[in-house]
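Visitor: coordinates for the following, if possible.
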Amino acid sequence: MDQLRWLRSLVLLSAVLAASSPAAWARFQPVTCKNAFTEQQEITEGQKVVAQVYQQMPVLPDSDPVARYVRALGAKLVAHAPGYRWPYNFHVVASEDINAFALPGGSVFVNLGTVQAAETEAQLAGVMAHEISHVVMRHSTCNLTKQQSKSLWYGLGSIASAVLLGNGTAGQLGQAAIGGAQSLDFLHMSRDDEKQADLLGVGILYDSGYDPRGLPQFFETIQAKYGAGGAQFLSDHPNPGNRTEYVNAEIATLPRRDHPVVTTPEFKRIHAVGLGEKALTAKDVQVGAWRKSGLYASGPGNGAGQVAQPVSQNGASTSPASRTDASVAMPRLNRSALGIDSRMVKYQGTRFVIDRPAKWQQTGDVSSGEVMLAPPGGTGASGLAYGAIIGMEKQSGNGVTDAASLSAATAALAQKLSQQNGGLEQVGQTTAITVGGQPANVVELRGRSPVGEGGKQLVERDRLLAVERPDGDLSYVVFVCPEPDLALLKPLFDAMAASFRAQ
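Guide: From the prediction side, this is the model:
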């Protein structure tokens, strides 16, 4: 009798656990399809195609602030992508077309026009989650496997001419340049592929903490602005029909989450930066003058400044060794340019005040809640090299109320900054101090500076000051400079930190 009672309890417990686990949600699961390629084959051949993309399209160097932001956002999303752990990487193409595409093996390219068109971070993340979903479900190589009339080697070798530039003018350019004049229908995603990518993308968005409604909102935004066929994205990603309805039905299966991320101050800042960057028309891309401009990368991990070189038949580069980002790095500033000896003046921000050198000026979008203070020459196309970033992080629940919650909030903010800036490393331990009568933490971080000297890119040192606010939220200041200049700027950073007051 006791054994029977125990079995009943076990069954009841299993039912409770199942009801509360993600597997119990009526959520879309990745679809497996017949595929003649191994994962390693897909990665190897996909990397060859990536090399061709860089020859055919103006890809922003990895040091570009928009590219760095997209890369960090992609890393956040793929942490929640199911299935095989593909070597994902993310790049930005300086094209005005609203489009994005994923290559076999995990390379995702997002057009600058897409970043400019997105109205929130959740919308941009939705586009990227959609593309990640195509990689997860291996749609390109599955479609290749379905087509028996072409050899698999031909299929992979010709991916670039269909996928990398889509179906429009740029797509015709790709076919002419690469020689893929044959039919490439296997690369045109079916409506069923698109529906699968929509549904899986919703799950990735949700698991990453975003409002999953960002995905259908993006489609609705560009359709309202350009019409059903007016944007390249809508042409290359055909509407399976009732997109809003089935996506909202999928969202309804997910447990309700309080305060999902819709947008962030960093998105607003980068969106403003992106609007100021030049996005090329399809005709500009076709003419190809951008190849000689020195503004675009010649390959993954390369900086600008080197003209894109042709690739051989097997996709290998025939160019000499690529120059590093240091070849286009920002110059190092001297003491006079930094304004260290100039008088200090108060800067009144949104819910904070801080002293700054008189020569330093505010830059960036104040309405986003985050501002940058920098000396002339302290910022450039690659981001902030010298100065301070000031902002505020809203906290959930009771917010920051004691040393433990302050420590947790500081660690979360440091991790977020690392993700947004290509992977910063913490240096030493977190130090507890008091600023303006409020508890605070200081964390030292190290990364890669946009400043170069002697043909090498310098190490960057960031000092994160996280201050507990009376309302439970977190104010922060990030002081930035190349590591060789830290000793010179440390007294100034200390004075600015001591003057900071959360309001």
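
Visitor: residues in contact with the nearest residue to residue 401 once chain neighbours are set aside?
Guide: With C-beta to C-beta, 6 or more residues apart in numbering as the criterion, residue 401 has its nearest non-adjacent residue at 6.4 Å, and that residue is residue 472. All C-beta atoms are positioned from the backbone trio N, CA, C, and that covers glycine. Neighbour list for residue 472: 395, 398-401 [criterion: C-beta atoms under 8 Å, 6 or more residues apart in numbering].

Visitor: ok, so of those, who is nearest residue 28?
Guide: Of all those, residue 28 sits closest to residue 395, with 32.3 Å by C-beta to C-beta.

Visitor: show the contacting residues for that closest one.
Guide: 405, 409, 472-474.

Visitor: hang on, the earlier thing: tell me which element the residue nearest to residue 401 is part of?
Guide: Assigning secondary structure by DSSP states H and E places residue 472 outside every helix and strand.

Visitor: residue 47 too?
Guide: Per DSSP H and E: residue 47 is located in helix 39-56.

Visitor: equivalent analysis for residue 204, please.
Guide: Using DSSP H and E, residue 204 falls in helix 191-207.

Visitor: go on, residue 122?
Guide: helix 121-136.

Visitor: helices or strands up against that helix?
Guide: Here helix 121-136 touches helix 65-78, strand 100-102, strand 107-111, helix 112-117, helix 191-207, helix 214-226, helix 265-276, going by 3 or more C-beta pairs under 8 Å, 6 or more residues apart in numbering; DSSP states H and E.

Visitor: for the helix holding residue 204, packing partners?
Guide: If you count contacts as 3+ C-beta pairs under 8 Å, 6+ apart, helix 191-207 packs onto helix 121-136, helix 139-146, helix 214-226, helix 243-252.

Visitor: burial measure for residue 84, as a count.
Guide: 13 (other C-beta atoms under 10 Å).

Visitor: over to the one 4 residues further on?
Guide: Residue 88 has 21 neighbours, counted by other C-beta under 10 Å.

Visitor: measure it to residue 358 for me?
Guide: Residue 88 sits 45 Å away from residue 358, going by C-beta to C-beta, to the nearest Å.

Visitor: in this structure, where is pLDDT below threshold?
Guide: Applying pLDDT under 70 to the chain picks out residues 1-26, 147-188, 226-241, 301-329, 364-369, 381-382, 419-423.

Visitor: domain ranges for it?
Guide: Taking automatic domain parsing as the reference, the chain has its domains at 19-292, 335-502.

Visitor: pull up the gap between the residue nearest to residue 401 and residue 405, please.
Guide: 9 Å.

Visitor: shared neighbours of those two, anything?
Guide: 395, 398-399.

Visitor: switch the residues you listed over to TSV; also include secondary structure.
Guide: Below are the shared contacts of residue 472 and residue 405 laid out as TSV (DSSP: H, G, I helix; E, B strand; the rest coil):
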residue	secondary structure
395	coil
398	coil
399	coil
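
Visitor: list just the nearest of these to residue 377.
Guide: residue 395 (35.5 Å).

Visitor: host element of residue 493?
Guide: Assigned by DSSP H and E, residue 493 falls within helix 486-499.

Visitor: now for that helix, which elements pack on it?
Guide: So helix 486-499, by 3+ C-beta pairs under 8 Å, 6+ apart, packs with helix 335-338, strand 344-349, strand 352-357, strand 456-468, strand 474-482.

Visitor: just put the shared contacts of residue 472 and residue 405 in CSV and tack on distance to residue 81.
Guide: Formatted as CSV, the entries for the shared contacts of residue 472 and residue 405 read as follows, by distance: C-beta to C-beta, whole Å:
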residue, distance to residue 81
395, 28
398, 33
399, 31
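
Visitor: chain center to the helix holding residue 122: distance?
Guide: Between the centre of helix 121-136 and the centre of its chain there are 10 Å (C-alpha atoms, centre = their mean, to the nearest Å).

Visitor: contacting residues for the residue nearest the centre of the chain?
Guide: With distances taken as C-alpha atoms, centre = their mean, the residue of the chain nearest its centroid is residue 70 (2.2 Å). By C-beta under 8 Å, 6+ apart, the contact set of residue 70 is 90-92, 110, 115, 124, 128.

Visitor: of the residues you listed, select the buried ones using a PyMOL command.
Guide: Applying 16 or more other C-beta atoms under 10 Å to these, the buried members can be selected in PyMOL as follows:
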select buried, resi 90+91+92+110+115+124+128
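
Visitor: what's the farthest-apart pair in the contacts of residue 70?
Guide: Greatest spatial distance in those: 91 and 124, 14.3 Å, computed using C-beta to C-beta.

Visitor: what number of residues lie near the residue nearest to residue 278 when sequence neighbours are not counted?
Guide: Among residues not flanking residue 278 along the chain, residue 94 sits closest, at 6.6 Å (C-beta to C-beta, 6+ apart). Here the number of neighbours of residue 94 (other C-beta under 10 Å) works out to 23.

Visitor: tell me the contacts of residue 94?
Guide: Contacts of residue 94 by C-beta under 8 Å, 6+ apart are 58-60, 112, 277-280, 290, 295-296.

Visitor: mind running it again at 7 Å?
Guide: Residue 94 makes contact with 58, 60, 112, 278-280, 296, according to C-beta atoms under 7 Å, 6 or more residues apart in numbering.

Visitor: any idea how far it lies from residue 388?
Guide: Distance from residue 94 to residue 388, counting by C-beta to C-beta: 29 Å.

Visitor: which one of the shared contacts of residue 472 and residue 405 is nearest residue 189?
Guide: residue 395 (40.9 Å).

Visitor: rewinding a little: can I get the helices and strands packed on helix 191-207 in TSV with distance to residue 79?
Guide: Below are the helices and strands packed on helix 191-207 laid out as TSV (distance: least, C-beta to C-beta, whole Å):
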stretch	distance to residue 79
helix 121-136	11
helix 139-146	21
helix 214-226	17
helix 243-252	21
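
Visitor: let me know which of the ones you listed is the nearest to residue 80.
Guide: Nearest to residue 80, of all the helices and strands packed on helix 191-207, is helix 121-136, at 8.8 Å by C-beta to C-beta.

Visitor: now the angle from that closest one to helix 65-78?
Guide: Using axes from the mean of the first three to the mean of the last three C-alpha atoms, to 10 degrees, the inter-axis angle of helix 121-136 relative to helix 65-78 is 60 degrees.

Visitor: longest strand of this protein?
Guide: Ranked by number of residues, the top strand in the chain under DSSP state E is strand 438-453.

Visitor: list the helices and strands that strand packs on?
Guide: helix 403-420, strand 425-435, strand 456-468 (3 or more C-beta pairs under 7 Å, 6 or more residues apart in numbering; DSSP states H and E).

Visitor: what are the contacting residues of the first one?
Guide: By C-beta under 7 Å, 6+ apart, the list of residues contacting helix 403-420 from outside reads 69, 72, 75-76, 266, 393, 395, 400, 424, 426, 430, 432, 439, 441, 443, 445, 464, 466, 468, 474, 476, 478.

Visitor: separation between residue 257 and residue 220?
Guide: 21 Å.

Visitor: and for residue 84?
Guide: For residue 84 relative to residue 220 (C-beta to C-beta), the value is 32 Å.

Visitor: and if you look at residue 115?
Guide: Distance, residue 115 to residue 220, using C-beta to C-beta: 18 Å.

Visitor: all good on my end, thank you.
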